[in-house]
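Participant: With the sequence up front, the predicted model follows.
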Amino acid sequence: MKDTIVLYPAYGSGHLMSMVELGKLILTHHPSFSITILILTPPNNKNNDSTTQYIASISNKFPSINFHFIPSISLTLTLPPHLQTLELSPLCNHHVHNIFQSISKTTNIKGVILDFLNYSASQINNILDIPTYFYFTSAASMLSLFLHLPTYHKKATKAIKDFNIDTPIELPGLPTLFVDDYPDDGKDPTSPGYQTLLECAKVFRESDGVIINTFDAFESKAIKALRDGSCVPDGTSPLIFCIGPVISTLYDTDEHQCMSWLDLQPCQSVVLLSFGSMGRFSKAQLNEIALGLEKSKQIFLWVVRSELDLDELSLDELLPEGFLERTKEKGMVVRNWAPQRAILSHDSVGGLVTHCGWNSILEAICEGVPMITWPLYAEQNLNRVILVKETKIALKLNESADKFVSASELGERVIELMESDKGKNIRERILKMKISANEARGGSGSSLVDLKRLGDSWKELDSCNKLSPNS
Ligand code: UDP
């Protein structure tokens, strides 16, 4: 009977793709295992065609990766999009339990890797005695802050949200933070998001290990604090495996022909503006971005996504009058989605304005593309600190208190990145980081060493879980 590792990604294409890449990586280095991936289907049977196509293409190319779909349930989601899995996954646990029992008739489950947002499924693994690992698809710095949260919570006299803007926050393995750097969900102890994070951190501390999509040379201080336990002074820190950067190798279709347009542009001349799967802007903000780009006179490729209630408007209606016509020699504007991975790998691209989503950051590092940071939600403020203060591979975009960015600020930062000495230094540093990323993933690099350690820990495990046909 073949050994399998079960992966359970959170809801959303970014989480799914990252888990699939992890599965592929495990198979490359440990071909004796098979990979089983559980798919959370959207509530109310609202299937997403692009996800279905993606899964079909992976199934065709990788026969050792099997998918199991968790039946859809009826539910109206109330949490913000980046936290919706927290609502959905606890309601699916009985289905997950049934799937584990069904899988174990033909395979031996050696371990389960949960996306951290699916942490409630660890109850099932505890009941069934299956070793539980978490896959943390964000920074080691965020994990360090997060594992420290129960300690911080016990001794805190004041909520972070009430801190003065210039009060320093010192945490193990992290640079000095300020309230604006702190992840939104961890600022207010009375919010549902905070209570969930607290509970989740306790479950993490007791897990068999946490796999992080990062690498030693990028986040050395935070990784050290995780490994030496200083971020969990009042408990046990889980085993840590840093196996990144794991990025998708599968390119999307290029329906807008971005790549052939890039072929016509000079080397390292284009600034890409892309804000992840959830970054949306008001008409007023889109106007400022447009005016800033026009004024900068730089070449740009801009993926425009507007707030939901504006989606029916055409690009001409959304953007300033005459903008598309005036900038047609300088820029390309596409609606909603572009093949970002492929674009970043094109020689013509010389900069990325990013919302600081972790996958986008790793993709930019792997291609040596310097960034301008515009965090929008979740832990992206903290990610910006790593890029701007710790590693100095990005510029900071200054936004107002309500996260609004003016045309002049955007235009000046884009020129600074593309034309100034500061921009040149940032480019040199990210090219060095690109080399470090390649070293981590190759030969006896730190990420391969951790991946081997992880696989060895599974191989050593007896088939002792309660689902095992041998027990
Ligand atoms: N992405 C893309 N095209 C787009 C926007 C995003 O291919 O127009 C991809 C991007 O390359 C990355 C993922 O979607 O792999 C976004 O993940 P990230 O962690 O950066 O942000 P999130 O969407 O999770 O906030």
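Facilitator: Cool, got the structure.

Participant: Which stretches in the stretch 301-450 of the chain count as helices?
Facilitator: For the stretch 301-450 of the chain, the helices defined by DSSP state H, counting those that start in this stretch cover 315-318, 323-326, 340-344, 358-367, 380-385, 407-419, 421-441, 446-460.

Participant: With Gln101 as the reference, name the closest of these.
Facilitator: helix 446-460 (20.3 Å; CB to CB). C-beta: built from backbone N, CA, C; applies to glycine.

Participant: next one: the closest one to chain centre, how far?
Facilitator: 22 Å (CA atoms, centre = their mean, to the nearest Å).

Participant: ok, residues contacting it?
Facilitator: 3, 5, 25-26, 29-30, 33, 110-111, 131, 133, 208-209, 211, 215-217, 239, 241-245, 440-442 (CB atoms under 8 Å, 6 or more residues apart in numbering).

Participant: As TSV, the helices of the stretch 301-450 of the chain with mean neighbour count and mean pLDDT would be great.
Facilitator: Below are the helices of the stretch 301-450 of the chain laid out as TSV (neighbours: other CB atoms under 10 Å; pLDDT from 0 to 100):
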stretch	mean neighbour count	mean pLDDT
helix 315-318	14	95
helix 323-326	14	98
helix 340-344	21	95
helix 358-367	24	97
helix 380-385	24	97
helix 407-419	19	98
helix 421-441	17	98
helix 446-460	17	91
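
Participant: Measure how buried the residue of the stretch 351-471 of the chain found nearest the ligand is and give me the count.
Facilitator: Relative to the ligand, the nearest point of the stretch 351-471 of the chain is Gly357 (2.3 Å; CB to the nearest ligand atom). Neighbourhood size, Gly357 [other CB atoms under 10 Å]: 26.

Participant: Could you do Gly244 as well?
Facilitator: 31.

Participant: what's the helix or strand for it?
Facilitator: Using DSSP states H and E, Gly244 maps to neither a helix nor a strand.

Participant: what residues are up against the spatially closest residue to it that is not a sequence neighbour?
Facilitator: Nearest residue to Gly244, sequence neighbours excluded (CB to CB, 6 or more residues apart in numbering): Asn213, at 4.1 Å. For Asn213, the contact set (CB under 8 Å, 6+ apart) comprises Ser18, Leu22, Tyr135, Phe136, Thr137, Ser138, Ile243, Gly244, Pro245, Val246, Trp358, Leu362.

Participant: Distance check, Asn213 against Val271.
Facilitator: Distance, Asn213 to Val271, using CB to CB, to the nearest Å: 26 Å.

Participant: how near is the residue nearest to Gly244 to Ser207?
Facilitator: Asn213 is 16 Å from Ser207, by CB to CB.

Participant: How about Asp311?
Facilitator: Distance of Asp311 to Ser207, given as CB to CB: 40 Å.

Participant: In contact with Leu417, which residues?
Facilitator: By CB under 8 Å, 6+ apart, the contact list for Leu417 reads Val271, Gly351, Pro370, Ile372, Leu395, Gly423, Ile426.

Participant: Recalculate using a threshold of 6 Å.
Facilitator: Taking CB atoms under 6 Å, 6 or more residues apart in numbering, we find Leu417 in contact with Gly351, Ile372, Leu395, Gly423.

Participant: can those residues go into a markdown table with extra columns for distance to the ligand?
Facilitator: Converted to a markdown table, those look like this (distance: CB to the nearest ligand atom, whole Å):
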| residue | distance to the ligand |
| --- | --- |
| Gly351 | 15 |
| Ile372 | 14 |
| Leu395 | 18 |
| Gly423 | 22 |
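
Participant: residues in this structure within reach of the ligand, list them.
Facilitator: 14, 248, 252, 274, 276-278, 303, 337-341, 357-360, 363 (CB under 6 Å from any ligand atom).

Participant: try 5 Å this time
Facilitator: Gly14, Gly276, Ser277, Val303, Trp337, Ala338, Gln340, Gly357, Trp358, Asn359, Ser360 (CB under 5 Å from any ligand atom).

Participant: Run a quick neighbour tally on the fifth one.
Facilitator: The one in question is Trp337. 15.

Participant: Please apply the same query to the fourth one.
Facilitator: Burial of Val303, expressed as a neighbour count using other CB under 10 Å, amounts to 21.

Participant: Which strands and helices lie in contact with the helix or strand hosting Phe100?
Facilitator: Assigned by DSSP H and E, Phe100 belongs to helix 93-103. Packing contacts for helix 93-103, counted by 3 or more CB pairs under 6 Å, 6 or more residues apart in numbering; DSSP states H and E, involve helix 122-128.

Participant: Let's see that with 10 Å instead.
Facilitator: Using 3 or more CB pairs under 10 Å, 6 or more residues apart in numbering; DSSP states H and E, the elements in contact with helix 93-103 are strand 2-8, strand 33-40, strand 65-70, strand 107-115, helix 122-128.

Participant: Backbone torsions only: list them for the residue nearest to Gly244.
Facilitator: Backbone torsions of Asn213, given as degrees, to the nearest 10, read phi -90, psi 70.

Participant: What confidence value was assigned to it?
Facilitator: Turning to Asn213, the model gives it a pLDDT of 96.

Participant: now Met278
Facilitator: You'll see Met278 listed with a pLDDT of 84.

Participant: Show the contacting residues for the closest residue to it other than its chain neighbours.
Facilitator: Once flanking residues are discounted, Met278 sits nearest to Pro81: 5.2 Å by CB to CB, 6+ apart. Taking CB atoms under 10 Å, 6 or more residues apart in numbering as the criterion, Pro81 is in contact with Tyr11, Gly12, Ser277, Met278, Arg280, Tyr377, Ala378.

Participant: From Phe134, how far off is Pro81?
Facilitator: 21 Å.

Participant: how is this protein carved up into domains?
Facilitator: Following the TED database, the chain resolves into domains at 2-248+443-457, 258-436.

Participant: in which helix or strand would I find Leu273?
Facilitator: For Leu273, the host element (DSSP H and E) is strand 270-274.

Participant: So what are the sheet partners of that strand and their directions?
Facilitator: strand 299-304 (parallel), strand 349-354 (parallel) (DSSP bridges).
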